[in-house]
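[1] Sequence and computational prediction follow.
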Amino acid sequence: MIGEKIYNLCKELFSINRSITGNGVRDTLKILKRELPDLAIAEVHTGTKFFDWTIPKEWNIQEAYIIDPQGNKICDFSKNNLHVVGYSIPIDKVVNLDELNSHLYSIPEQPNAIPYVTSYYKERWGFCITESERNKLIDGEYKVYINSTLKDGSLTYGEILIKGESEKEIFFSTYICHPSMANNELSGPTLVTYLVKYIKSLNKRRYSYRIIFVPETIGSIMYLSKHLKTMKKKIIAGFNVSCVGDNHSYSFLPSKDGTTLSDKISRHVLKNLISNFNVYSFLEDRGSDERQYCAPGIDLPVCSIMRTKYDEYKEYHTSLDNLDYISSEGLSGAYDVYKEVINTLENNYIYVSTVLGEPQLGKRGLYPTISTKYTHAIVKDMLNLLVYCDGKLDLVDIAEKINVPIWELYDMVNSLLDQGVIKVISK
Amino acid sequence: MIGEKIYNLCKELFSINRSITGNGVRDTLKILKRELPDLAIAEVHTGTKFFDWTIPKEWNIQEAYIIDPQGNKICDFSKNNLHVVGYSIPIDKVVNLDELNSHLYSIPEQPNAIPYVTSYYKERWGFCITESERNKLIDGEYKVYINSTLKDGSLTYGEILIKGESEKEIFFSTYICHPSMANNELSGPTLVTYLVKYIKSLNKRRYSYRIIFVPETIGSIMYLSKHLKTMKKKIIAGFNVSCVGDNHSYSFLPSKDGTTLSDKISRHVLKNLISNFNVYSFLEDRGSDERQYCAPGIDLPVCSIMRTKYDEYKEYHTSLDNLDYISSEGLSGAYDVYKEVINTLENNYIYVSTVLGEPQLGKRGLYPTISTKYTHAIVKDMLNLLVYCDGKLDLVDIAEKINVPIWELYDMVNSLLDQGVIKVISK
Amino acid sequence: MIGEKIYNLCKELFSINRSITGNGVRDTLKILKRELPDLAIAEVHTGTKFFDWTIPKEWNIQEAYIIDPQGNKICDFSKNNLHVVGYSIPIDKVVNLDELNSHLYSIPEQPNAIPYVTSYYKERWGFCITESERNKLIDGEYKVYINSTLKDGSLTYGEILIKGESEKEIFFSTYICHPSMANNELSGPTLVTYLVKYIKSLNKRRYSYRIIFVPETIGSIMYLSKHLKTMKKKIIAGFNVSCVGDNHSYSFLPSKDGTTLSDKISRHVLKNLISNFNVYSFLEDRGSDERQYCAPGIDLPVCSIMRTKYDEYKEYHTSLDNLDYISSEGLSGAYDVYKEVINTLENNYIYVSTVLGEPQLGKRGLYPTISTKYTHAIVKDMLNLLVYCDGKLDLVDIAEKINVPIWELYDMVNSLLDQGVIKVISK
């Protein structure tokens, strides 16, 4: 049911022409704000510098197509916005096939896929086309028409801050700059939208949450540049949410550090909730905004839990990454993992035994009153939990140590808290 | 020979009805005091609180049996004290088979074994019986008779402190609360008795030794509660001695920390003295007083070297753990390992080279005067020993590093000390 | 070509009778000084104490042989200087075969090899002979004649100090005390001679270099004793150069510590330059002057890169370790490895990113301006290099981390330095 809702939101957003700037981003954020009234939408102007980068001109596009020598309209932007190279400058002229070809992009190994191509930081124009359509092009004159604008304007993004008992923050980042592709990347912002609803529904919220919807790279760099000091001080765990829509596999991409709280909890939840998942390497396999969040000097504890990772499915960055590639089951599975990650973060306290030696569990109804050769095995998990409530290990550490999913310890922890034999250590 | 002596002591103590309190404990300690005149016997009163626990009433029992419908006396305590559930309240009434069955304990998978069952902290009565005898019980009236007392009294334990040159202590703990069972647990207190004789026989004693004979759990908790500060300050290595009587295997159960001096030395001695031994896990396999000695906040360096570990042999906690299950060979093997552990502790100094570069061993008669291609191999162990006399590694570390049993280094160390090329570092 | 030059130097030096003292050492150093005019030659007098050792008498020898019962001259020192036990006292007498045999050394398993035998610190005389020749000796009278002198004199050694920008030093040690043997040890001093020429040829020299030519053991101990404080302060990496002349294998013997800069760089260069090499153990396999350089309290970062290691080839320490056993190819291979080690040391800076987040490589011409699904792979090594320029890892650490030979990073590093997006951290 939750999967269907997320899927439907993807469907609603699919046809909008997003890029790193422009009205497509604004339209997308407007729909997300309908779902999340707290969403704050902000703009930063063309030319503003953030770290080593400068906000580029704003790009908008109304219409684009090619008229072939027989008068057919091809590469029609109104049919698929991937047909136009992102950030193409306006053009309206007639070219021969040779010149046209130098502006065409296709993928020989995937004859039916329109590739996704952009040129944000160098002005050029171009069209993307399937290899099979390209092979049919004949000699002759082609009218190429792109009605776009590339002008001073701004870059648009959204953020939500949800207060918890602590100032310490959990961070989620996802991106809203991809045109009509589904897994990469409508699954990220739509899933995060529903995670925000979940976080807001919690009765008691231990941590605060910082969630951002930004264009990839330039957006995360802009946001880091504005908030780095706060983020380094407050964020204890973070996640770059991308490629969470298909139903083929689960994937984990660790942070650069690899041993942060985010990494530890992601591994624990995946291991215990999912029978089988791929572990990728930050060094070999990174490619999304963890490149920024884990850059030297930034070093935030940001990792990614994905379904099938970008670069690991052939439909990636083509028109085949469409609404058929993702599914409500796929989205639902990723949602469940992230929800459990949030629960784990919220429940991951450090406990310490309040008594020296083993507590007398028997008088508290937590231990068999009759002792036989089988007694010990019955209470083994509870005794193991107790022996590691040493004020150093957190509950995830203990769960890992005693090889039990953390969620199977919650009732036990509550009994022991009720009985006063353990207590929470404040850090 | 030493094995036979320990075995005979087991035999002498076997029929006494021990529990966590009562006259059986007193009688046992009296016999041990005959062997060890220094043994101090102490009592703590019913109702005294130690950590989370309270000393229970003292239990004593004179007679107990069942008269079956044909007038036969069965489950006769005078024939085997395991027939009565430990801490049974007095009873004298007639019951039908159904009611009797709710008070009977047997082991279906072990039809000829009387199980060992206790109920220290909840008042009940019960009998233990072999499954095959139980199956013969017919409908009818049964007279159940237990002539026991459960009254304010005390818990009895023994301790010995043996002074050495240093205030630092080696700790041995064993328990004296099991009725007529041999490996678990008469092997522990009887073997420790002979280790005490060995320790007292040493000409020179570097360390002090603290040895206690206590009832399991409540006894170690009581003792820890009284002496924790001293124990944490002084004890550098400790051993919980249990299940050291059979001749089937050797076992090692590490401390919670797993890397303490006790652990390091136990592993070194077992590896080099015994060809093959089982290594158990504190997490998965603990079950004796290391539960207390390694509890959070206690954290003493206590591990166990055993023959066949409790829970790992089918006779465990039944009448089959009898004098046939243990042997003088089994006890002797465990004694030899613990003796070598003590020797290793006593000899485990940190040495430092007194010269820079290699000492000129040749002029000291420790190196061949003629040099050929084979020279180096002859003195390899001595050169390896010297190169690691760096003031950081202790002799066990060096023995491990150069892969030689520590006892094969003693003569070499003495030569080098005599020649003045190494000296002891005081810590 | 370089290999041939080194080989020819070996050839020139081969017949000289070297020992730990005497004119053979002086003659050898005189020839090396012809190649390296900066070579400083020094002497220390008999009787001088260094650490635990005393400089022995100086040994020189003019003539030595045996006349057999048939009047044949055998074991003629003028034919092979290995025939005489090193440091033999003068002798001129007639002995029978029994007495002769007690002064003869041969190797039964190697019937055609004259063994290399010495007796530096105990006065004796002796001859070395092949087993097959020995077997032919008949009963009768033998004239034994050794015209040698053992007198107060001195021990001779050479050293060169080459200044670099930093006072920090790279250390090379090799030995010059072996008579006519080629791999062990003319390959060491001759190869080091050519490494010195290479070091002096460098346009820019970051580090200073300390190179010594000493007799084994007594020489390194003498040198350490004179310079230990300076060496411990200045030396950041060191190499004991021995057995670098044959063409059968490459070998690595780590320092005692095993993780020093020398070790790290040696492993990196060997792994990336040589497909296959043997890694030996300091504990099990050391046997040359690393025994002194890594002794407790000395603890210098000295390891060895060798071709076939001493003790690992049957010709070792016999007359079969001759000019046929080594080759210009063998010497050339070792030279190339050491040269790359020097280059790596000189280039092994710590870099730190000057910008937060990823630098915008596109605007600097270092990143494709058009972005497709294949873009990331093209610049992967550069992005990996950048993400680890964190001010902590040095360039070898990064090369290891991203699994690229360090020399493939030099151009990339220079581009990034030119663009100002990374800078060197001074330590």
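    That came through fine.
[2] Give me the residue at the spatial middle of chain A.
    In chain A, the C-alpha nearest the mean C-alpha coordinate belongs to A:V241, at 0.8 Å (Cα atoms, centre = their mean).
[3] Quick check: that one vs chain B, distance?
    Between A:V241 and chain B the computed distance is 35 Å (Cβ to the nearest Cβ, to the nearest Å). The way it works is simple: take the backbone N, C-alpha and C, and place the C-beta from them, glycine included.
[4] wait, isn't that residue in contact with A:N183?
    No. Checked against Cβ atoms under 8 Å, the pair A:V241 and A:N183 is beyond contact range at 11.9 Å.
[5] quick one, phi psi at the residue nearest to the centre of chain A?
    Here is the backbone geometry of A:V241 (degrees, to the nearest 10): phi -100, psi 120.
[6] again with A:I176
    Backbone dihedrals for A:I176, given as degrees, to the nearest 10, come out at phi -130, psi 30.
[7] A:Q62 falls within a strand, correct?
    Yes. When classified by DSSP: H, G, I helix; E, B strand; the rest coil, A:Q62 is found to be part of a strand.
[8] I'd like to know how many residues surround it.
    12 (other Cβ atoms under 10 Å in any protein chain shown).
[9] from the chain's centre, how far out does the longest helix seen in chain A sit?
    If each helix of chain A is counted by residues according to DSSP state H, the longest one is helix A:328-347. Distance, stretch centre to chain centre, for helix A:328-347: 12 Å (Cα atoms, centre = their mean, to the nearest Å).
[10] Check stretch A:172-187 too.
    Relative to its chain's centre, stretch A:172-187 lies at 8 Å (Cα atoms, centre = their mean).
[11] And chain B, is the worst-scoring helix or strand of chain A on mean pLDDT touching that?
    Here the helix or strand of chain A ranked lowest by mean pLDDT, DSSP states H and E is helix A:375-378, holding a mean of 72. Yes. On the criterion Cβ under 8 Å from any Cβ of the partner chain, helix A:375-378 is in touch with chain B at A:H376.
[12] what comes up buried for that helix?
    Counting neighbours by 16 or more other Cβ atoms under 10 Å in any protein chain shown, one finds that the buried residues in helix A:375-378 are A:T375, A:H376.
[13] any idea how far C:T375 is from the closest residue to A:I20 other than its chain neighbours?
    Once flanking residues are discounted, A:I20 sits nearest to A:P215: 3.9 Å by Cβ to Cβ, 6 or more residues apart in numbering or on different chains. For A:P215, the distance to C:T375 (Cβ to Cβ, to the nearest Å) stands at 16 Å.
[14] for A:Y367, same thing?
    According to Cβ to Cβ, A:Y367 and C:T375 sit 62 Å apart.
[15] and if you look at A:G140?
    On the measure of Cβ to Cβ, A:G140 and C:T375 end up 32 Å apart.
[16] residues contacting whichever residue of the stretch 1-150 of chain A sits closest to chain B?
    Proximity to chain B, evaluated over the stretch 1-150 of chain A using Cβ to the nearest Cβ, is greatest for A:I2 at 37.3 Å. Residues in contact with A:I2, defined by Cβ atoms under 8 Å, 6 or more residues apart in numbering or on different chains, are A:Y194, A:L331, A:S332, A:Y335.
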